[in-house]
Structure formats: C-alpha cells, structure tokens
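S.K.: Model the following, please.
(one chain, ligands or ions: 1)
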Amino acid sequence: MPASTSDIVIVSNRLPVNRVERNGKKQWETSPGGLVSALTPILRTKPSTWIGWSGIHGRAPRPFEHEGILNYPVSLSPEEIENFYEGFSNSTLWPLYHDAIRPPIYHRHWWRPYKAVNKRFAEIAAKITAKNGLVWVHDYHFQLVPSMLRKLRPDVRIGFFLHIPFPPQELFAQLPWRRQVLEGLLGADVVGFQTRYGAQNFTRLCRRYTTCSPSGRLTYEGRPVIAKAFPISIDVSRFEGLASDFDVQTRAANFKAKLGLGRRILLGVDRLDYTKGIEIRFKAYRELLKTKKVSLDDTVFVQVAVPSRERVDEYIELKNEVERTVGAIDGEFGEIGKSAIHYLHRGLPVDELVALYLAADVMVVTPFRDGMNLVAKEYVACRHRNDGALILSEFTGSAEELKQALLVNPHDVDGMSDILLEAIQLPAEEQKRRMKKLRRIVTGHTVFDWANDFFEALDK
Ligand code: G6P
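M.R.: Numbering: from 1, shown residues only. Below you'll find the predicted structure:
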C-alpha cells in the first residue's frame, strides 16, 4: 500500500472536474452534476480520492487536489475510447439496458478492452484504498470492478450504484457475457439501483445464471449481497435558491417576452440521446398544430438538446433526424419572426436553465426509458409558485415517485398529443394541486439523502 491512502474511494467514468479554458488558460472546474455536489460534503470529512477518466486524450495528469477532493485521472488510449467507451459501454450496454431501443451490438473485440479497463481501475482502487476502507463504484462502465477489487482487497467494503435501468431477463439474457457481468457486480456488498424493478431484475438474474442462493436473502460465495433501490435525486436547495434569485427571475421574464407574451411555453431539456424520446414529442406537437388544436399564436416549443457521444453512429443519426423534424415543423408552420420550435443544440449554464424552467408552462419529459430523469425533479424544485405542468413518461425512474405528473406512454403518439393539450390547458387550480404534491416529494428526498442512505447501507 502506498504511504498515503484514502478511506473513501469513488470510481466513475467521469471525474468530478472538467478541463476548461478560461482567459486563454487551461484549468480544472468542478462539474455541475448532482452526484458531485452530493458526494463532496461526505468526501471532505475523510481522506478521499475520486478515480475517473480524465476525458482528455494522451497521458493522464498526475493526481491533484481540486476544491478539497483528490482526483486520480486515468488515461484511456484512442483504442480504449473506441472499444471500451463508445463500443461496449455505449453501443452494447447502453442500448441493451434501455429496452434495446436501438439494437445492442455484441463484439468480442469490445468485451476484452472492457475487461482490461475495468481491471486497471480496480487495481488503482486496490492500491490507494486504506485498510478496511470503502470503495463506491458508479455505473455501467465498471460492472466488473467490484469482483476484481474484492479479489485484490478482501478487507474493503464495496458499493456499486447503477445510474441507468437494469433490464429484465428477457433482454439481459442476450448478453453473451451475462454471467461474467452478474458475477462482477456480486463482488459488491451493496448493489444499488434506481428502482425496485432494477433490484428485482438483478436478483432474479443472479439466481438464474450464477451460484447465488436460489431463494431467501441474496448470498454469493457465502457472503450476503444487498440489492436494493436507492432512487437518486437533486440538490434541491441549489435549484430553489436559483429559482428565487432576482437575476434569474428577470432572465425568465425576458425569455417569456422574447418568445411572445401570452404564448404557452413547452420545454424539453435532454442530452441528445435516442432514449429520450425527443422526436416523438415533436411528432405529437406537430399533430396539434396540424389539427389546429393549438396555433403558433398560443404556444411555442423550446428544446435544449445537449450534445452527447457525438462519434457514435446512432447519435449522429438521431441528431440528423431531430434536426430534420424541427426544420420540417418550422418549415410547415413557422412564420417570419415566429418559430414553432426553438432548438438549442448546446449545454446551458445552470442559471439559464433555471430561468427556462421558470419560464416554461409545460415541461415535457418523454423518454422511452430512463434510469431516473433528474430534469423532471429540477423543474419541480424550481416551481415555487406551485404552477406549471409536468408531462412525464411512465418509463422513467422518476415516474415511480412523481405520480402527480401527467404520466404518458411515450410510444403512443395520440396519447401524447392529448396529454400535451391537457397540459397546455390545465386549469390553475389543478396545476397547483398537482405541483404541491410533486414538490413535497422532491423536497422530501434530496441527493444528499440518497448519498447518506447508500453510505449507511454500505457502512453496516
Ligand atoms: C448517463 C450515465 C452517466 C454518463 C452520462 C453522460 O447519465 O448514467 O454515467 O456520464 O449519461 O454520458 P457520457 O457518455 O458523456 O459520460
């Protein structure tokens, strides 16, 4: 063991920092995500390290401290980016775990680098974790790390959390390496999922394809393994704070004025991913325009599509499809100075995002499948006036909690057109009734509660 070790080690594909250029100088900046803000307070209480891909090509920088957290960057070669990240992680596991919305691709020459990269991360974690320390591994990129690490360091408590859905047997059984993946996860003491369905699927699959106990509590190689739902959330007070900030509210008012006072604003905010159902919501909106149930005078759609995995074929195709659809709708219904859809293909700073949440009358969240979907929770956290309508796909983890949203089956275009119209026309009293309940749920379980619950389960 090296001279300085950490009591808590986090393993995830992305580090909690991004390399950015400010005034011509390259520097690290803390990533805006909820995971980072949730873990930071806990990591600051003990010597801790976060291991992750630096996101940059070439040799990884040496470990460095940033805002109280020790970052341990790991490099990936161009071949590993292609085979481990774009290949096995994002063209095999990602579609398979999201209901096979796109056909998962199985290549043996992707599986080998997946194993090799998992091994490298497990070895680093084994080297830097203190005796009896705790390692928390995140997401589908690293499902083999728990068992690899356990072999190297049986003294360590190991947790794993899957941020995306865990599929049922009918789908998972396709995976040529299904047993190895399950055994990889079983190396953990606690395996966390977004919903109870994920935990149930995992437990069933373990009993079917591994030597796990066939019934009763899940045990593997004589060791208990906890498989449980830990629904993730957001930093609620951060969003509430921004939503009550004067400048943000002014910006929201400006957005409304620019988009046209009196027009109901429909908003979508997503990574540009084929799981998000972006094209289907446009189809439904187009139907409403076509049948004249709504017009450009009374509604406008704003879609923020954050660029993602831009070298993967399916993402390139999706971008073309979405942009073609937006162009077609605006071509058909738009007028000079008045668009039907405002499409922004970029990420936005969080204050601008909150201003949009404040401006939006209807938030449209329609994934075909989503582990949780935090945009839905962010919108609710920002609506402190208890108004606005949330349309939410039944196939998101959030729909398990946000039952007062206007729930929709994203495969049903007619159903979605109906619900869009219902949301646009939702009476103020009904908005208030629903939003009050939604806000109670979102504010009652923050990302800090999520992190504490997981650490508590792991610390036992
Ligand atoms: C999902 C995954 C994360 C991933 C994120 C962005 O939320 O669960 O693990 O980091 O998408 O995708 P990217 O491939 O850019 O890291």
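
S.K.: number of nearby residues for the one residue in the stretch 1-150 of the chain that gets nearest to the ligand?
M.R.: Going by Cβ to the nearest ligand atom, the ligand is nearest to residue 139 of the stretch 1-150 of the chain, at 4.2 Å. Every C-beta, even on glycine, is put in place using the N, C-alpha and C of the backbone. By the criterion of other Cβ atoms under 10 Å, residue 139 has 19 neighbours.

S.K.: Contact partners for the spatially closest residue to it that is not a sequence neighbour?
M.R.: Of all residues not flanking residue 139 in the chain, residue 163 sits nearest, at 4.9 Å (Cβ to Cβ, 6 or more residues apart in numbering). Applying Cβ atoms under 8 Å, 6 or more residues apart in numbering, we find residue 163 in contact with 138-140, 194, 232, 371-372.

S.K.: Compile these into a markdown table and extend it with columns for secondary structure.
M.R.: Formatted as a markdown table, the contacts of residue 163 follow (DSSP: H, G, I helix; E, B strand; the rest coil):
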| residue | secondary structure |
| --- | --- |
| 138 | strand |
| 139 | coil |
| 140 | helix |
| 194 | coil |
| 232 | coil |
| 371 | coil |
| 372 | coil |
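
S.K.: quick check, nearest of the residues you listed to residue 253?
M.R.: Each of the contacts of residue 163 was scored against residue 253 by Cβ to Cβ, and residue 372 proved nearest at 30.6 Å.

S.K.: phi, psi of that closest one?
M.R.: Dihedral pair for residue 372: phi -130, psi -60, per degrees, to the nearest 10.

S.K.: how near is it to residue 216?
M.R.: 29 Å (Cβ to Cβ, to the nearest Å).

S.K.: of those two, who's got more company?
M.R.: More crowded of residue 372 and residue 216, by other Cβ under 10 Å: residue 372, with 23 against 6.

S.K.: can you tell me which residues contact that one?
M.R.: Here residue 372 is in contact with 163, 194, 231-232, 396-398 (criterion: Cβ under 8 Å, 6+ apart).

S.K.: mind running it again at 10 Å?
M.R.: Contact partners of residue 372, counting by Cβ atoms under 10 Å, 6 or more residues apart in numbering, are 163-165, 194-195, 231-234, 396-401, 450.

S.K.: thinking again about what came up before, which one of the contacts of residue 163 is nearest to residue 151?
M.R.: The closest of the contacts of residue 163, once distances to residue 151 are taken by Cβ to Cβ, is residue 138, at 20.0 Å.

S.K.: what pairs with that closest one across the strands?
M.R.: For residue 138, the beta-bridge partners are residue 161 (DSSP bridges).

S.K.: what sits against it?
M.R.: Taking Cβ under 10 Å, 6+ apart as the test, what residue 138 contacts is 10-14, 35, 39, 50, 52, 145, 159-163, 192.

S.K.: among the residues you listed, which are in strands?
M.R.: Counting by DSSP state E, the part of the contacts of residue 138 found in strands is 10-14, 50, 52, 159-161, 192.

S.K.: measure the spatially most distant residue from the centre of the chain to the ligand for me?
M.R.: Distance from the centre of the chain peaks at residue 336, with 37.1 Å (Cα atoms, centre = their mean). Remark: distance between residue 336 and the ligand (Cβ to the nearest ligand atom, to the nearest Å) = 38 Å.

S.K.: Secondary structure element holding residue 281?
M.R.: helix 278-290 (DSSP states H and E).

S.K.: Quick one: mean pLDDT for that helix?
M.R.: For helix 278-290, mean pLDDT is 98.

S.K.: Can you pull the domain assignment for the chain?
M.R.: 6-232+448-459, 236-444 (automatic domain parsing).

S.K.: where does the stretch 1-150 of the chain come near the ligand, residue by residue?
M.R.: Within the stretch 1-150 of the chain, the positions adjacent to the ligand are 13-14, 139 by Cβ under 6 Å from any ligand atom.

S.K.: quick one, phi psi at the residue of the stretch 101-250 of the chain found nearest the ligand?
M.R.: Proximity of the stretch 101-250 of the chain to the ligand (Cβ to the nearest ligand atom) peaks at residue 163, 3.7 Å away. The phi and psi torsions at residue 163 (degrees, to the nearest 10) take the values phi -80, psi -10.

S.K.: What about residue 429, how many residues nearby?
M.R.: Using other Cβ under 10 Å, residue 429 is surrounded by 8 other residues.

S.K.: Summarise which helices and strands the host helix or strand of it is packed against.
M.R.: Following DSSP H and E, one finds residue 429 within helix 428-444. Packing contacts for helix 428-444, counted by 3 or more Cβ pairs under 10 Å, 6 or more residues apart in numbering; DSSP states H and E, involve helix 236-243, helix 374-382, strand 389-393.

S.K.: Now do it against helix 236-243, angle only.
M.R.: Put simply, helix 428-444 runs at 130 degrees to helix 236-243, going by axes from the mean of the first three to the mean of the last three Cα atoms, to 10 degrees.

S.K.: Name the next helix or strand downstream of helix 428-444, please.
M.R.: Following helix 428-444 in sequence, per DSSP H and E, is helix 447-459.

S.K.: Give me the buried positions along stretch 423-432.
M.R.: By neighbour count on 16 or more other Cβ atoms under 10 Å, the buried set for stretch 423-432 is 423-424, 426, 431.

S.K.: Do you have the strands of the stretch 251-400 of the chain handy? List them.
M.R.: Along the stretch 251-400 of the chain, the stretches classed as strands by DSSP state E, counting those that start in this stretch are 264-271, 299-306, 341-344, 362-365, 389-393.

S.K.: and the second one, anywhere near the ligand?
M.R.: When you say that, I think you mean strand 299-306. No - if you take Cβ under 6 Å from any ligand atom as the test, strand 299-306 misses the ligand, and the best it gets is 9.0 Å.

S.K.: Show me what that strand is packed up against.
M.R.: Against strand 299-306 (3+ Cβ pairs under 10 Å, 6+ apart) you get helix 246-259, strand 264-271, helix 278-290, helix 313-333, strand 341-344, helix 350-359, strand 362-365, helix 413-424.

S.K.: Same check on the third one?
M.R.: Here strand 341-344 is seen to pack against helix 246-259, strand 264-271, helix 278-290, strand 299-306, helix 313-333 when contacts are counted using 3+ Cβ pairs under 10 Å, 6+ apart.

S.K.: That strand: partners in the sheet, and parallel or antiparallel?
M.R.: Strand 341-344 is paired, per DSSP bridges, with strand 299-306 (parallel).

S.K.: Could you check how far residue 335 is from residue 260?
M.R.: Taken as Cβ to Cβ, the span from residue 335 to residue 260 is 11 Å.

S.K.: what about those two, which has more around it?
M.R.: With neighbours defined as other Cβ under 10 Å, residue 335 and residue 260 compare such that residue 260 has more, 17 against 10.

S.K.: looking at it, the more buried one is touching residue 295, isn't it?
M.R.: No - counting by Cβ atoms under 10 Å, residue 260 does not reach residue 295; the two are 11.7 Å apart.
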